[in-house]
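K.L.:
What shape does this take:
(2 chains)
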Amino acid sequence: MTLLTLDRVTVRRGARAVVEAVSLTVGEGEFIGLIGPNGAGKTTLMRAALGLLPHEGRSSLALMPARARARTVAFLPQGREIAWPVSVADLVALGRAPWGHADPADPAVAWALRRLGIEGFAARPATELSGGEQARALIARALAQETPLLIADEPGAGLDPEAQIRMMTIFAALADEGRAVVASVHDLGLAARHCTRLLLMDCGRLVADGPPREVLTAARLAATFGIRAHLSEGPDGLIFQPLAVIR
Amino acid sequence: MKLLIPLLLALVALLFAASLLIGPAGLGLGESLRALLGGEGGPVVLVMQEIRLPRALLGLLIGAALGISGAAMQGYLRNPLAEPGLIGVSASAALGAVLTLQTGLAAAFSLALPLAALAGAGLASLLILGLAGPRGGALALILAGIAISALAGAATSLVLNLSPNPFAAAEIVYWMMGSLADRSFTHVWLAAPFILVGLVALLSLGRGLDAMTLGEDAAESLGIRPARLRLVLILGCSAAVGASVAVAGAIGFVGLVVPHVLRPLVGARPSRLLPASALGGAAVLLAADIATRLIAPDRDLKLGVLTALVGAPFFLHLIWKMRRVEA
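P.N.:
Numbering: from 1, shown residues only, chains lettered A, B, ... in the order given. Sure, this is the predicted structure:
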């Protein structure tokens, strides 16, 4: 089933198009890595797709009523804001808001906490956790929303390798269960290893869309990122190692 | 803390009763209650029904208005330093009031002052809606509020500057200090509808403010409409705070400090902080008003002076604690 359809989505800032005519569909079971250099338009595209930004073209999510959309897609914004020292359980329970009451006793909250392995922190103030623990608490918040689609903006930023691999494994498992995850990722090694499909953006345009092996080619890496990299097949999938800047 | 709301309710009830029973007339307990509940004529009945009851009611309503407005504003802006006066409504209401004092309208017609203050608050809320309405964000709201406050403050200074004689200036300065003394039921009837509408509007924001804990984008993705939230917040605060300033003058620090103190006791959740801050604000204002009568019974100590005198050092203490945690 298709969970998200974008049809020629364009976002302009003044006269300049920061996202230009992006069309794509996201189906169940996909773990999609949205990649591209800084300023390529990844965040803008995600926000437009969610209906958080005025845009031209059509996004199936942006057209939904607010409540129905909140039951279809969960969003993890960049920056991991937690304004108040609420308990981790209360924080995760915010994900239940679209379904009625944000009740920390909801079974979905306990399930999400277990899934991220943070049930031991449930009573602690979320602002006192380490960066990696906060990231897990916020992912649990998104899982508690029980949506078929999860969109995450740089969820791995600032996390140590263990936390990053854990996060990617959870996203891949969610896709395996029939949900879909779209995450912007700067670590192309992680993206190559875990994602089922990559979307490569450059200067507001979608320049490649396909399995990691097809998207991460030497020519494209040179053209969009300006880097040379080593690509090889490992026992667990594609291995990507950036080597040098070439422009 | 499940007991917090019942405890606060009990405290407010106790202070409300104390506010009715304490005063310069020195009435006995039984005598006061009899006069309050029934009886006609006589000085005791007059004191209880026409002086102390409206004063206690205004303390309750205005304290609740300031407490909940502070909690809502802090929740929306995700900033513990936000306070109800931030959107410029207090300063504009004060300007309206000061104009009637300056022109002598207040002396000629007793309701001119609160009505002009309400008009000032209404005008300010329209301005802020225009500047930071549907498409504005938190920053636009803060900046617009600062600008409106500054403008209203400057105009108030101009009025003081041009006041015809020192007595007029003194009257304005005294009014601006904030007080519940000598208010009548007319003031209660004037302010209560606005304050109650404001309280209901702000209480309805709990869910939205909870979601705002995660930031504006995440809140919107949870089904909250930020533009609507901001609209209800501005209208609710304007009604509650505008009406409060209109009948009592500017009373500072209650809206800032009360949510601060209660936040750890409600697990920091904005939705739980709203009702707790309404009750906490009512308790603090009733207590402060009682204190003005006990500390200097014959000097008319102003309520706003007392709340600032107690609130500011307390606020310094909070900053000191915050500084130690962040260092």
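K.L.:
ok now do the closest residue to B:Glu171 other than its chain neighbours, which residues does it touch?
P.N.:
Excluding the flanking residues, the one nearest B:Glu171 by CB to CB, 6 or more residues apart in numbering or on different chains is B:Leu101, at 5.6 Å. C-betas here are computed from N, CA, C, even on glycine. Counting by CB atoms under 8 Å, 6 or more residues apart in numbering or on different chains, B:Leu101 touches B:Leu113, B:Ala168, B:Glu171, B:Ile172, B:Trp175.
K.L.:
Could you find the lowest-pLDDT member of those?
P.N.:
The member of those with the lowest pLDDT is B:Ala168, at 83.
K.L.:
Could you check stretch A:208-224 and say which residues are buried?
P.N.:
A:Ala208, A:Asp209, A:Pro212, A:Val215, A:Leu216, A:Leu221, A:Thr224 (16 or more other CB atoms under 10 Å in any protein chain shown).
K.L.:
just checking, A:Gln241 touches A:Gly189?
P.N.:
Yes: using CB atoms under 8 Å, A:Gln241 is in contact with A:Gly189, at 6.9 Å.
K.L.:
more neighbours, the two?
P.N.:
More crowded of A:Gln241 and A:Gly189, by other CB atoms under 10 Å in any protein chain shown: A:Gly189, with 15 against 11.
K.L.:
quick one: contacts for that one?
P.N.:
A:Ile239, A:Phe240, A:Gln241, A:Pro242.
K.L.:
pretty sure the second one belongs to a strand, no?
P.N.:
Yes: A:Phe240: assigned to a strand according to DSSP: H, G, I helix; E, B strand; the rest coil.
K.L.:
To what extent is it buried, counted in neighbours?
P.N.:
Once other CB under 10 Å is used to define contacts, A:Phe240 is seen to have 20 neighbours.
K.L.:
and it, how far is that from chain B?
P.N.:
Noted for A:Phe240: a distance of 30 Å to chain B, by CB to the nearest CB, to the nearest Å.
K.L.:
what do you get for the first one?
P.N.:
Per CB to the nearest CB, A:Ile239 is found 34 Å from chain B.
K.L.:
Which strand or helix spans the residue nearest to B:Glu171?
P.N.:
Per DSSP states H and E: B:Leu101 is located in helix B:89-103.
K.L.:
what lines up beside the host helix or strand of A:Val207 in the sheet?
P.N.:
Following DSSP H and E, one finds A:Val207 within strand A:205-210. Strand pairing for strand A:205-210, using DSSP bridges, gives strand A:197-202 (antiparallel).
K.L.:
Could you pull up the mean pLDDT of the partner strand?
P.N.:
On average, strand A:197-202 scores 97.
K.L.:
May I have the residues that are in contact with the most centrally placed residue in chain B?
P.N.:
What sits nearest the mean C-alpha location of chain B, by CA atoms, centre = their mean, is B:Leu66, with 3.2 Å. Neighbour list for B:Leu66: B:Pro84, B:Ala240, B:Val241, B:Ser244, B:Ile251, B:Val254, B:Gly255, B:Val258, B:Gly281, B:Leu285 [criterion: CB under 8 Å, 6+ apart].
K.L.:
ok, now how distant is the second one from B:Pro114?
P.N.:
Separation of B:Ala240 from B:Pro114 (CB to CB, to the nearest Å) stands at 14 Å.
K.L.:
These two: who's more crowded?
P.N.:
A count of neighbours by other CB under 10 Å puts B:Ala240 above the other of B:Ala240 and B:Pro114, at 34 against 24.
K.L.:
and the host helix or strand of that one with chain A, contact?
P.N.:
Applying DSSP H and E as the criterion places B:Ala240 in helix B:226-248. No: figure legend: helix B:226-248 not in contact with chain A (CB under 8 Å from any CB of the partner chain); closest approach 9.6 Å.
K.L.:
So which bits of that helix are buried?
P.N.:
Buried-residue list, helix B:226-248, by 16+ other CB under 10 Å: B:226, B:229-230, B:232-248.
K.L.:
Rounded mean pLDDT for that helix, please.
P.N.:
93.
K.L.:
Repeat that for stretch A:96-109.
P.N.:
Averaged across stretch A:96-109, the pLDDT comes to 90.
K.L.:
got the contact list for that stretch?
P.N.:
Contacts of stretch A:96-109 (CB under 8 Å, 6+ apart): A:67, A:70-71, A:87, A:89-90, A:92-95, A:122, A:144-146, B:207, B:210-211, B:222-224.
K.L.:
With stretch B:151-164 instead?
P.N.:
Under CB under 8 Å, 6+ apart, the answer for stretch B:151-164 is B:88, B:91-92, B:94-95, B:98-99, B:102, B:120, B:124, B:169, B:172-173, B:176.
K.L.:
which bits of chain B sit near chain A?
P.N.:
Near chain A, when you scan chain B using CB under 8 Å from any CB, you find B:78, B:207, B:210-215, B:217-218, B:220-225, B:263-264, B:267-270.
K.L.:
What subset of those is buried?
P.N.:
For these, buried by 16+ other CB under 10 Å: B:78, B:207, B:210-215, B:217-218, B:220-224, B:263, B:267-270.
K.L.:
Which members of the residues you listed are positioned in helices?
P.N.:
B:Arg207, B:Asp210, B:Ala211, B:Met212, B:Asp217, B:Ala218, B:Glu220, B:Ser221, B:Pro270 (DSSP state H).
K.L.:
And B:Ser92, how far from chain A?
P.N.:
Counting by CB to the nearest CB, the gap from B:Ser92 to chain A is 28 Å.
K.L.:
In three-state terms, label the closest residue in space to that residue that isn't next to it in sequence for me.
P.N.:
Excluding the flanking residues, the one nearest B:Ser92 by CB to CB, 6+ apart is B:Ala124, at 3.4 Å. When classified by three-state DSSP, B:Ala124 comes out as helix.
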